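In: Got a sequence here, can you build the structure:
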Amino acid sequence: MKKIISLLMILIFVGSVFAGCTSTEVAPEAPVVETPTAEEDSDVITTASIVDNAEAFVNALSADGTWIAAALSDITLTEDLIVEGEFTNNVRSENLKLQGGTFVGDIYVEAAGFRVSKATVEGNVYFATQELMDAAIADDTGVVTGVYEVKATDTDVVTTASIVDNAEAFVNALSADGAWIAAALSDITLTEDLIVEGEFLNKEKVARKIAIYTQDADHNIIDSFTLTAPKMIVRSENLKLQGGTFVGDIYVEAAGFRVSKAT
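Out: As a prediction, the model looks like this:
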């Protein structure tokens, strides 16, 4: 055992001597830093909003989201998708690009620079003004199966997340968990009573509104719709029923109810 230990010590010593006697030392090579190409530095890589579910997708495109939302799977929403907020690398956000895949539904453009690129819209694209339509970016790779035209709406309707075309969404919009306005895009028929409740603010004032119409930039009504229900029970203050026709009885249990340009 002693001989083995002594031999190991001699080998270590000899190795040290030769290491000390080398005339030059070879420096380790510096690590190679590769710069990503333009293709590798893709939009999807630079964002934190790579999502695979509806809630995350909606949040990513909100005013508190990010400039891009990249889907990893099919996404189906039961309510309108609102794209808003201004982002450095930025419908309500300027220069929005819908790229790749298929969007099923209508798109309402309320900001300049909208573009469909290598994507299909199975629906219509409506612009709030002619100027916004003129400011849209033409892209031959995009396909819109429906109309591509100006369809101005009331400024109140433009600012809400509750632009609806079906009964369930309309009822939800006017619930205590809804929004301050419910704007219909078609006739709506309810088989149960419509309850309008909850306190909401519009321009820092307590208010609620039911809009059963669309109108142009000069506030001329373009389309009027009919809302039918056994009864409407109003529990929200300052509710204004505007435009169109309501078929049914109304029971008012809060102050400030008003019928404006409606039947």
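In: mind listing what Gly244 touches?
Out: Counting by CB atoms under 8 Å, 6 or more residues apart in numbering, Gly244 makes contact with 184, 211-213, 224-227, 262-263. No exception for glycine: its C-beta is placed from N, CA and C like everyone else's.
In: ok, of these, which come out buried?
Out: Buried by 16 or more other CB atoms under 10 Å: 184, 211-213, 224-225, 227, 262, out of the contacts of Gly244.
In: would JSON lines of these with secondary structure and pLDDT be doable?
Out: Formatted as JSON lines, these follow (DSSP: H, G, I helix; E, B strand; the rest coil; pLDDT from 0 to 100):
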{"residue": "Ala184", "secondary structure": "strand", "pLDDT": "85"}
{"residue": "Ala211", "secondary structure": "strand", "pLDDT": "89"}
{"residue": "Ile212", "secondary structure": "coil", "pLDDT": "90"}
{"residue": "Tyr213", "secondary structure": "strand", "pLDDT": "86"}
{"residue": "Ser224", "secondary structure": "strand", "pLDDT": "89"}
{"residue": "Phe225", "secondary structure": "coil", "pLDDT": "92"}
{"residue": "Leu227", "secondary structure": "strand", "pLDDT": "96"}
{"residue": "Ala262", "secondary structure": "coil", "pLDDT": "93"}
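In: In terms of distance to Asp74, which of these ranks first?
Out: Proximity of the buried ones among the contacts of Gly244 to Asp74 was ranked by CB to CB; the top entry is Ala184 with 27.9 Å.
In: what's that closest one in contact with, if anything?
Out: Neighbour list for Ala184: 164-165, 170, 210-213, 225, 227, 244 [criterion: CB under 8 Å, 6+ apart].
In: now stretch 242-261: how far from the chain's centre is it?
Out: Put simply, stretch 242-261 sits 31 Å off its chain's centre (CA atoms, centre = their mean, to the nearest Å).
In: same question, stretch 165-181
Out: Distance, centroid of stretch 165-181 to centroid of chain: 18 Å (CA atoms, centre = their mean).
In: remind me which residues of the protein are low pLDDT?
Out: 1-49, 85-90, 152-161, 216-218 (pLDDT under 70).
In: Can you show me the helices along the stretch 1-150 of the chain?
Out: Applying DSSP state H, counting those that start in this stretch to the stretch 1-150 of the chain gives helices spanning 2-21, 54-60, 130-134.
In: Tell me which residues of stretch 204-220 come out buried.
Out: 207-215.
In: Endpoints of that stretch, how far apart?
Out: 26 Å (CA to CA, to the nearest Å).
In: Please apply the same query to stretch 183-195.
Out: End-to-end span of stretch 183-195 (CA to CA): 16 Å.
In: next one: stretch 182-202
Out: Using CA to CA, the span of stretch 182-202 from its first residue to its last is 13 Å.
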